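In: sequence? don't have it. structure:
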Ligand SMILES: Cc1cc2nc3c(=O)[nH]c(=O)nc-3n(C[C@H](O)[C@H](O)[C@H](O)COP(=O)(O)OP(=O)(O)OC[C@H]3O[C@@H](n4cnc5c(N)ncnc54)[C@H](O)[C@@H]3O)c2cc1C
Ligand SMILES: Nc1ncnc2c1ncn2[C@@H]1O[C@H](COP(=O)(O)O)[C@@H](O)[C@H]1O
């Protein structure tokens, strides 16, 4: 099996986000970056696929030199080799990112490719499906159960209040999320081994964004919270306020 | 002002028109002004749906009927949306933010070669330029975007935009949309579906959400929240702690790595208010917090905080609600 997994290095979910002076980007100086949490499920599923069906796992990330850290983390978990598609341009437009990834993956004789459901930060939730469409292969989003054989896949994806079942031939693309698997932690040995694994670098140009970030703003401040009472005795007051003041029930 | 807007609607077999589709139609109608609102529907049988689409704001309905569309067909529905865009030549495409809408949005973007933006909470027009607002970085900032190619595809967050009141006097021109489906559009098959979360509406689509966290102590105690949700007509959500403990299904998780919700009322029970949880619910109109720890961070964002034990407070609220109903 020729297995690909696409990963992104993103700000820690705890990070304090500050808008930079240009008003269109965030200050990155103080931020701790991590492997996108959804991509951990993608890497895990790629490794499980390899354990079951054999083959090789290639990790791809597009970005500046910081993206290499996401690749190293995935290799520490067990992926065999890495590919950094290096670009100095901001990678905010999911269609441009997907085109660059599809160009690379398309020519590789891929059997399965895994993505996270969405990247923390920009939170587009688009790149995986875009790549599948650009490659003209089946693409299934938000997969919560997957059974792969050498030629085909079946499983389920999450929908409102339940799931729906799918079947498709390979090659295919899957976006992963919580519930699909429990991602392994990179072991110390894995981290050491990752340093010696091959990480190829290629320069790519994305071209002009069609999705333009005009401005970032802080969201409107919420009113300061108000405590209306203690214990069961306050239940009547709460219901009254929701009915008469907030008028939401 | 006259803008042509295409709305990709969802009406699963045997179900009525989705609430998020009604919201998208409402927004389309307001943005269109003197212009036209066109709905595209992919279904095995359109049945009553075109009439409902008209009642909620569509002027024209393009119907792609195909026996294969009894279940969602990602390739088939995407082909229908792309064909409708080519036939109608809209300035803007709107999609409701359901699981289906989120899956379809990038497909339409790829097929038309146009930009798409997801989780939209605001749309503005300046002349004929379209701006859209979306939260980013876990809701810590809001991003205003514009588009250099038309028609942009906007996937809307549920519960943010108002639908129009149903007007059964409105009518729409209904046309059938010819589709020639390719092999690759049908290679991926959805073979069926299963319901898991019982009778309650889905958390992302509910107007009122009752959520439980680690403070609920075990799965059985969610019965209490089901009673409260029943009394309020609410959907049930959960913190990651509750989901990781196996008390609720993954689909119920609210937060940065779960669902983003914007209900009118969000009731957080035994939830501390970690940043990753707030990321998913901070844009709720009214937040109620019930927590026994007066210093819990959730109280900083709760319009109405109640310090107390959920096992005493929640039943008392249910009693109160029953009293007046
Ligand atoms: C990468 C990443 C992603 C994450 N994504 C999410 C996410 O999407 N969603 C999410 O929710 N979390 C997420 N988290 C986890 C988050 O950091 C918190 O750990 C989690 O939200 C805590 O859940 P909780 O509030 O239920 O539990 P706790 O923080 O343990 O809080 C329980 C609360 O219940 C109260 N309590 C206890 N007993 C009672 C009682 N009898 N009556 C009343 N109150 C009581 C306590 O005072 C306490 O405030 C994420 C974390 C990381 C690192
Ligand atoms: N720059 C990137 N390089 C590699 N993979 C990416 C990149 N951006 C996004 N992805 C993948 O696409 C998924 C969805 O990202 P997004 O559409 O940006 O939310 C992520 O979980 C990653 O698997």
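Out: Received, thanks. Because the structure is a prediction, the values reported are computed rather than measured. Numbers count the residues shown, from 1 in each chain, chains lettered A, B, ... in the order given. Ligands and ions are numbered 1, 2, ... in the order given.

In: Distance of the closest residue to residue B:159 other than its chain neighbours relative to ligand 2?
Out: In this structure, residue B:159 finds its nearest non-sequential neighbour in residue B:262, 4.8 Å apart by CB to CB, 6 or more residues apart in numbering or on different chains. From N, CA and C alone the C-beta is placed, and that goes for glycine too. According to CB to the nearest ligand atom, to the nearest Å, residue B:262 and ligand 2 sit 19 Å apart.

In: Where is the longest strand in chain A?
Out: Assignment by DSSP state E gives strand A:139-148 as the longest strand of chain A.

In: where are the low-confidence patches of the stretch 101-250 of chain B?
Out: B:197-198 (pLDDT under 70).

In: Tell me, how many residues neighbour residue B:109?
Out: 30 (other CB atoms under 10 Å in any protein chain shown).

In: List phi and psi for the residue of chain A found nearest ligand 2.
Out: Distance from ligand 2 to each residue of chain A (CB to the nearest ligand atom) is smallest for residue A:116, at 2.4 Å. Backbone torsions of residue A:116, given as degrees, to the nearest 10, read phi -80, psi 160.

In: Chain A contacts on the stretch 1-150 of chain B?
Out: Within the stretch 1-150 of chain B, the positions near chain A by CB under 8 Å from any CB of the partner chain are B:71-72, B:74-75, B:78, B:98-100, B:102-103, B:105-107, B:109-111, B:113-119, B:131, B:134-149.

In: buried subset of these?
Out: Neighbour-count burial (16 or more other CB atoms under 10 Å in any protein chain shown) applied to the residues of the stretch 1-150 of chain B next to chain A gives B:71-72, B:74-75, B:78, B:98-100, B:102-103, B:105-107, B:109-111, B:114-119, B:131, B:134-147.

In: Those residues of chain A touching ligand 1, which are they?
Out: Contact residues (CB under 6 Å from any ligand atom) of chain A with ligand 1: A:13, A:37.

In: For chain A, which segments count as helices?
Out: Secondary structure of chain A (DSSP state H): helices at A:37-53, A:67-77, A:94-106, A:127-135, A:188-196, A:235-240.

In: Give me the mean pLDDT for the fifth one.
Out: The average of the pLDDT scores along helix A:188-196 is 96.

In: got a list of contacts for it?
Out: A:72-73, A:75-78, A:186 (CB atoms under 8 Å, 6 or more residues apart in numbering or on different chains).

In: Give the buried residues for that helix.
Out: By neighbour count on 16+ other CB under 10 Å, the buried set for helix A:188-196 is A:190, A:194.

In: between that helix and helix A:67-77, how many degrees?
Out: 130 degrees (axes from the mean of the first three to the mean of the last three CA atoms, to 10 degrees).

In: Provide a list of residues in contact with residue B:1.
Out: Taking CB under 8 Å, 6+ apart, one finds B:33-35, B:125 in contact with residue B:1.

In: can you list the weak-confidence ranges in chain A?
Out: Using pLDDT under 70, nothing in chain A is flagged.

In: Among the buried ones among the residues of the stretch 1-150 of chain B next to chain A, which ones are in strands?
Out: Among these, the members found in strands (DSSP E) are B:116-119, B:131, B:134-136, B:141-147.
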